[in-house]
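Peer 1: I would like to see how this sequence folds:
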Amino acid sequence: MQRRVTQIESIRVLAMAGIFFYHLWTVLPEGGAQNPFGPLLGDIMSQGYLGVVVFNAITGFVLTLPHADPGGKPPLAFFDFFRRRFGRIVPQYYISLALWSLVALVAGTMPFAALGACVGEKIVFLQTFDPARFFCLVPALWWMGLLAQFYLAFPLLLRLFRAVGPRRAAVACLCGSWGLWLVLALAAKANHTAAIFDYMLYFNLPYRLPEFALGMAFAMAWKARAAAGEGVAPATGVPASWRMAFAVLAYFSLPLAILFKNALPMPLAHILLTAACVGVAGTLFSWPRMATWGAKPAVAAAAAASYSFYLLHQPLLGYGADALRAHMPPFAGMLVLCCVSLPLSAALARWQDRLVAYLESRGKAREGRK
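Peer 2: Residues are numbered from 1 along each chain as shown. As a prediction, this is how the structure comes out:
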């Protein structure tokens, strides 16, 4: 079986595109409402944040895949796992923090004390536990706190999935996490402290655990079927029945989410949106064309740079929107900002990844000389 799951590369790029256009909309929402296509354009762009749900599932899938069958790698010791995973995300993360902290200081957008407190929390991945600083400096970096929680929970979750099986483990994660969310959401209506706690947990575990757990469960189930090779599409390893099930889920949950998500309580709306994301992402994963596209060098390169792109793109949009807002109509500003920020973010992401690779190679060379 192929070592690289190429359809994941395509889905990663699409998810990152959704997040980019969502952030473009957040800095110029009037451009999404006042344009030749009508407010529907803004309505579509405003749903791009669901790319984070897809990223959460991809994270669970990718982490689990090497351990997804009896012949897979044994689970790493806790310390070794944490060292490897945090070692992969910290260099780009800290470089981005340093860059945007310097820009904020030069631009005078944050007092020094507030900036120091903001960066200090982000360095140790605690930003999602402080509602006052969830979105300071670079709002998108709240996700790094959640990613760190996924890493901390993964070794224990993997043992659970192996002990009771992916189906039971995933059901336990969904019922436990979303059940707690429903209970606390009810309590939040009557208690201010509970309301703050409920708000914070939207950005943390256990509320966001189901997305990650679904990715883990799919990795185990898919690896088993793809390895068996019976009744699966050669390009994707997905049985036809799975492809049909994902399509049916997307067909029903997507329209329901569009129609009713604003009328439902937050937990139920998120469950419905998660179902829609799973249906759409699963359908794309099952489509052989996505595997073909993901194997193309340009798509693979974009997927590889998506992490740095995520860390870097939002401030470019924010500062750019501030510069353009007073000089052109909203929709024209949105077009210009997109055309400038998208390639600039991609170029910065490639530069950052090359810098990290250079620093890592220098570090290995120094170790080799000792």
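
Peer 1: Relative to the whole chain's centre, how far out is stretch 128-143?
Peer 2: What separates the centre of stretch 128-143 from the centre of its chain is 15 Å, taken as Cα atoms, centre = their mean, to the nearest Å.

Peer 1: Just the buried residues of it, please?
Peer 2: T128, R133, F134, C136, L137, V138, A140, L141, W142, W143 (16 or more other Cβ atoms under 10 Å). For the C-beta atoms, the positions are set from N, CA and C on the backbone; glycine is no exception.

Peer 1: Quick one: classify the fourth one as helix, strand or coil.
Peer 2: Read it as C136. coil (DSSP: H, G, I helix; E, B strand; the rest coil).

Peer 1: Hmm, G116 and it touching each other?
Peer 2: No. When contacts are counted by Cβ atoms under 8 Å, C136 is not listed as touching G116 (10.9 Å).

Peer 1: Chain neighbours aside, what residue packs nearest to F309?
Peer 2: A349 (4.1 Å; Cβ to Cβ, 6 or more residues apart in numbering).

Peer 1: again, but for L65
Peer 2: Using Cβ to Cβ, 6+ apart, the nearest residue to L65 is A219, at 4.7 Å.

Peer 1: tell me which element that neighbour is part of?
Peer 2: Assigned by DSSP states H and E, A219 belongs to helix 209-228.

Peer 1: tell me what that helix is packed against?
Peer 2: helix 51-64, helix 142-164, helix 166-188, helix 266-286 (3 or more Cβ pairs under 8 Å, 6 or more residues apart in numbering; DSSP states H and E).

Peer 1: Now do that helix, average pLDDT.
Peer 2: For helix 209-228, the mean per-residue pLDDT is 93.

Peer 1: following that helix, which helix or strand shows up next?
Peer 2: Counting by DSSP H and E, what follows helix 209-228 is helix 240-260.

Peer 1: quick one: contacts for the residue nearest to L65?
Peer 2: G60, F61, V62, T64, L65, A68 (Cβ atoms under 8 Å, 6 or more residues apart in numbering).

Peer 1: In JSON lines: the helices and strands packed on helix 209-228, plus mean pLDDT.
Peer 2: Putting those into JSON lines (pLDDT from 0 to 100) gives the following:
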{"stretch": "helix 51-64", "mean pLDDT": "97"}
{"stretch": "helix 142-164", "mean pLDDT": "96"}
{"stretch": "helix 166-188", "mean pLDDT": "96"}
{"stretch": "helix 266-286", "mean pLDDT": "97"}
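
Peer 1: and of these, who's closest to A365?
Peer 2: helix 142-164 (27.8 Å; Cβ to Cβ).

Peer 1: list the buried ones in the closest one?
Peer 2: 142-155, 157-158, 160-162.

Peer 1: if we look at the helix or strand bottoming out on mean pLDDT in the chain, which residues are touching it?
Peer 2: Lowest mean confidence among the helices and strands of the chain (mean pLDDT, DSSP states H and E): helix 192-201, at a mean of 90. Applying Cβ under 8 Å, 6+ apart, the external contacts of helix 192-201 come out as T128, F129, P131, W181, L184, A185, A187, A188, K189, Y207.

Peer 1: The last one in helix, strand or coil?
Peer 2: When the structure is split into helix, strand and coil by three-state DSSP, Y207 lands in coil.

Peer 1: burial of the residue nearest to it when sequence neighbours are not counted, as a residue count?
Peer 2: Nearest residue to Y207, sequence neighbours excluded (Cβ to Cβ, 6+ apart): L201, at 4.6 Å. When neighbours are defined as other Cβ atoms under 10 Å, L201 has 19 of them.

Peer 1: Roughly how far does L201 sit from A195?
Peer 2: To A195, L201 is 11 Å away according to Cβ to Cβ, to the nearest Å.

Peer 1: Then P29?
Peer 2: 26 Å.

Peer 1: re earlier: using CSV, list the CA coordinates for the helix holding A219.
Peer 2: Output in CSV follows, covering the C-alpha atoms of helix 209-228 (Å, rounded to 0.1, in the frame of the first residue of the first chain):
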residue,chain,number,x,y,z
LEU,A,209,-12.2,15.6,20.9
PRO,A,210,-14.8,14.0,18.7
GLU,A,211,-13.3,15.5,15.5
PHE,A,212,-9.9,14.1,16.4
ALA,A,213,-11.3,10.7,17.5
LEU,A,214,-13.3,10.3,14.3
GLY,A,215,-10.0,10.8,12.4
MET,A,216,-8.4,8.1,14.5
ALA,A,217,-11.2,5.7,14.1
PHE,A,218,-11.3,6.2,10.3
ALA,A,219,-7.5,5.6,10.1
MET,A,220,-7.9,2.2,11.8
ALA,A,221,-10.9,1.1,9.8
TRP,A,222,-9.5,2.4,6.5
LYS,A,223,-6.1,0.8,7.1
ALA,A,224,-7.7,-2.6,7.8
ARG,A,225,-9.8,-2.5,4.6
ALA,A,226,-7.1,-1.1,2.4
ALA,A,227,-4.7,-3.8,3.6
ALA,A,228,-7.2,-6.5,2.9
